[in-house]
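Trainee: next input, structure requested:
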Amino acid sequence: MKSLVVAFLSLRSRKSRHRSCAVVEALEDRTLLTTAVGTHDIEVVGRTANGGWWASGYDFSQDPSVQGTVENAAFAVWSADVDWQHVRFGDYDGDGLKDVAGFDPSTGYWWTTLSDMIGSTTVVGTRWSTATTWTDVGVVDLAPGGDRGDQGHFTNKSDLVGRSADGGWWAAVVNGDGTFTNAFLGHWSPNAGWRDTQFLDINNDGATDIVSRNAAGGWWGLVSRGAVIAYDTVRLGGWSPTAGWQDTLVAQNFFRDGDDAILGRASDGAWWALDFAADGSATNRYVTSWNEAADWTNVVAADLDGDGRDEVVGQTADGEWWRIVAATAPSEFIGWEPPANNVRVSHDVTNALYVTHRAFDAVVDAILSRDDSGYWWASVLAPDTKQFQRTLVGAWDESAGWRDVAAARVSRVPVWEVQTGTLHTVKIFGHRAGTTVTVEGRVDWLPVSGAMHTVTVHYAVPTTGFSRDYTFTAFPGKVSFASWQFEFTGHIGNDDYRPITALGPSIAHGNAGNDTLDGRNNGSMDQLFGGDGLDVLLGDPEDVLVQ
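Mentor: Below you'll find the model as predicted:
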């Protein structure tokens, strides 16, 4: 593997412009991380003491031009004068990237910084009462896709929930543009001593449920009715109130695919699970036991082997890592590393196993940790030995006072190609401020291998000045016009798409704003699926507009 390049963040302070509300501003240079193939294998985001948000990306890619390199970029700036609370990462606009929201307790305003692929936008989200104390604030999905008037393909959006001091559960339901609408979900006793609150879909209706344990040991759920944002309070089971529970967490698909579980470890080292069936009913199950003398830390749920089911992972005081796999309990030793700090789970790491010098096609989770010198390390499970392999993936300046650190994907190139057999699909995402896209193609006749079809996408965001060309070339032998397909997706702003040459069909999805697809005289059936706003299809007789 190419030697690793470790980049340190160079941070500079910025003077904020004061307003009547919390001061939140975006950096003038807001270009985020981008690679030629999409997202980085690992991305980590954090905020410095002076309010600057930074993102770092690392690639295990086999491409020697990027393999083993680190990329750092400014993300946004929040006021350093605000005591930000309940900072939470979620996809608040449904574009597949993580955004970040934070609560200003002095004003009650939620602020949302949205990842826009080529930058970020910070807006006021909503307002919650400052006359109460908010607890158990979490990121959820309150309704199945399509039940909130979602437009285009933006159906998987994150909402926020929290419980007030009087026991009321409230939600900030996303509107898709960084703002929220407040909704009341239900009421629990304010004197029950709620703890270990977890967010998961226990009845498989596509909406997140809220599950918590009271001081008497009873597990209760605020359980979704499914089709609308409406919830019922249901008792789910009970654990001993004197067992000294610790490291309570949610493991996805733990016992079986499609059913998540809540696990916790008693003071005697025994792991127990609240196992949810497809109908939301729960059963207590003993799992295995750990030696409490090992002084366990960094206990997380992660899918280390890429089978789609979480394991429970933890580290002892002397650095040993162990995992619990439901199908093979008792737990397995998976390696030794120095005791870790700042542990995070990086999900869907597509190329992590290339560090083993094997072309192993899998999507896994990685354990990220930062040592006392600021170096970031990623640990992945080698497919043959089932042992951790540790790789240096970057470094941060420890004097910057990092906080609200998370493994979160905030970057993606706005144009990329997906190849399935002979079909080349070029996916193009609009930027929040409005995007102009033109597509041109040409045929180059090569003397040996025959024809090679080249497509260039001109992508520009006039309001930001961002402009770039993306060129894609088909492999020899895959040259018919029908082998190309173009999928445009709007992103809040007013987007203008122009497939101006005789290529494959174009499919455009509007997502608010006024969107235009110009498919005239290109010899293909173009389709525009409009969202909110005025959408215009300039097309041929075979083209279709669905408003």
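Trainee: drop to CA atoms for contacts and neighbour counts, all remaining ones
Mentor: OK.
Trainee: low-confidence regions, the stretch 301-450 of the chain specifically.
Mentor: Within the stretch 301-450 of the chain, the stretches with pLDDT under 70 are 351-362, 442-450.
Trainee: any idea where the helices of it begin and end?
Mentor: In the stretch 301-450 of the chain, no helices are defined using DSSP state H, counting those that start in this stretch.
Trainee: where does this structure have its least confident helix or strand?
Mentor: Ranked by mean pLDDT, DSSP states H and E, the weakest helix or strand in the chain is strand 24-25, scoring a mean of 46.
Trainee: helix or strand right after that one?
Mentor: Toward the C-terminal end, the helix or strand that comes next after strand 24-25 (DSSP states H and E) is strand 42-47.
Trainee: which strands and helices lie in contact with that next one?
Mentor: Counting contacts by 3 or more C-alpha pairs under 8 Å, 6 or more residues apart in numbering; DSSP states H and E, strand 42-47 packs against strand 52-58, strand 344-349, strand 403-407.
Trainee: tell me the mean pLDDT over that strand?
Mentor: The pLDDT scores in strand 42-47 average 94.
Trainee: tilt between that strand and strand 344-349?
Mentor: 140 degrees (axes from the mean of the first three to the mean of the last three C-alpha atoms, to 10 degrees).
Trainee: got the residue ranges for the strands in the stretch 151-300 of the chain?
Mentor: 159-163, 168-174, 180-187, 195-200, 209-213, 218-224, 231-238, 246-256, 259-265, 270-276, 282-289, 297-302 (DSSP state E, counting those that start in this stretch).
Trainee: what pLDDT, on average, does the third one get?
Mentor: Model confidence over strand 180-187, given as mean pLDDT, is 94.
Trainee: for the first one, same thing?
Mentor: When pLDDT is averaged over strand 159-163, the result is 97.
Trainee: list the neighbouring strands of that strand plus their orientation.
Mentor: When pairing is defined by DSSP bridges, strand 159-163 lines up against strand 135-140 (antiparallel), strand 168-174 (antiparallel).
Trainee: out of the ones you listed, flag the one nearest residue 436.
Mentor: For the strands paired with strand 159-163, distance to residue 436 was read as C-alpha to C-alpha. The smallest value, 26.5 Å, belongs to strand 168-174.
Trainee: report the distance from that closest one to the chain centre.
Mentor: Centroid displacement of strand 168-174 relative to its chain, using C-alpha atoms, centre = their mean, to the nearest Å, is 20 Å.
Trainee: list the buried residues of it.
Mentor: The neighbour-count check on strand 168-174 (16 or more other C-alpha atoms under 10 Å) flags 168-174 as buried.
Trainee: same check, this time on stretch 393-404
Mentor: So for stretch 393-404, counting by 16+ other C-alpha under 10 Å, buried means 393-396, 400, 402, 404.
Trainee: the nearest residue to residue 322 once chain neighbours are set aside and residue 323, how far apart?
Mentor: Of all residues not flanking residue 322 in the chain, residue 333 sits nearest, at 4.4 Å (C-alpha to C-alpha, 6 or more residues apart in numbering). Per C-alpha to C-alpha, to the nearest Å, residue 333 is found 7 Å from residue 323.
Trainee: about what we covered before: for the residue nearest to residue 322, give me its contacts.
Mentor: Residue 333 makes contact with 320-323, 387, according to C-alpha atoms under 8 Å, 6 or more residues apart in numbering.
Trainee: okay if I get the residues you listed as a markdown table plus distance to residue 249?
Mentor: Putting the contacts of residue 333 into a markdown table (distance: C-alpha to C-alpha, whole Å) gives the following:
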| residue | distance to residue 249 |
| --- | --- |
| 320 | 20 |
| 321 | 18 |
| 322 | 16 |
| 323 | 14 |
| 387 | 23 |
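Trainee: in strands, which of those appear?
Mentor: If you go by DSSP state E, these have 320-323 in strands.
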